[in-house]
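[1] With the sequence up front, the predicted model follows.
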Amino acid sequence: MAQKIVAAIFTFVLCLAVGVVVLATMILAMNGYSESDASWGLGVFVVLALVVSVVMALAAFFLAGFLAKKQYGPITTAIIPILVFLVVGVALEIVAGGVGVAVAEVVRVNF
């Protein structure tokens, strides 16, 4: 049980850290946008990044449980889900950053 909780917590924290880096990159990318336009994109990104972080943490929790049932060692049971879902989370958060910039662009053009 401890491996599942460790995998979930570490995955969640690492995904949040990646989200902060992507957010900082988005702020630089949206340098020319007005504050009212950029805030929509940043808000969408924050929501998507939190959703991705929670989903990746839950997935790591369940994969750690699956590996524990297969009688893997405790360290392996914690490390494999963290690495797998951190990579997936990074990819999804980069996509979420693109969605955030796209939302800011749509708001800038249409409203």
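    Received the coordinates, thanks.

[2] residues touching I94, list them.
    If you count contacts by CB atoms under 8 Å, 6 or more residues apart in numbering, I94 has them with V22. No exception for glycine: its C-beta is placed from N, CA and C like everyone else's.

[3] for the strand or helix carrying it, what is the average pLDDT?
    Per DSSP states H and E, I94 falls inside helix 74-110. In this model, helix 74-110 has a mean pLDDT of 97.

[4] how close does the nearest residue to A96 once chain neighbours are set aside sit to M1?
    Once flanking residues are discounted, A96 sits nearest to L48: 3.8 Å by CB to CB, 6 or more residues apart in numbering. L48 sits 30 Å away from M1, going by CB to CB, to the nearest Å.

[5] More neighbours: which of the two?
    The residue with more neighbours, out of L48 and M1, is L48; 19 against 8, by other CB atoms under 10 Å.

[6] And the pLDDT at the more buried one?
    98.

[7] Can you give me the buried ones in the helix holding I94?
    Within helix 74-110, the residues that qualify as buried by neighbour count (16 or more other CB atoms under 10 Å) are 77-82, 84-86, 88-90, 92-93, 96-97, 100-101, 103-104, 107-108.

[8] next SSE after the helix or strand harbouring M26?
    Using DSSP H and E, M26 falls within helix 2-29. Next in sequence after helix 2-29, counting helices and strands by DSSP H and E, comes helix 35-69.
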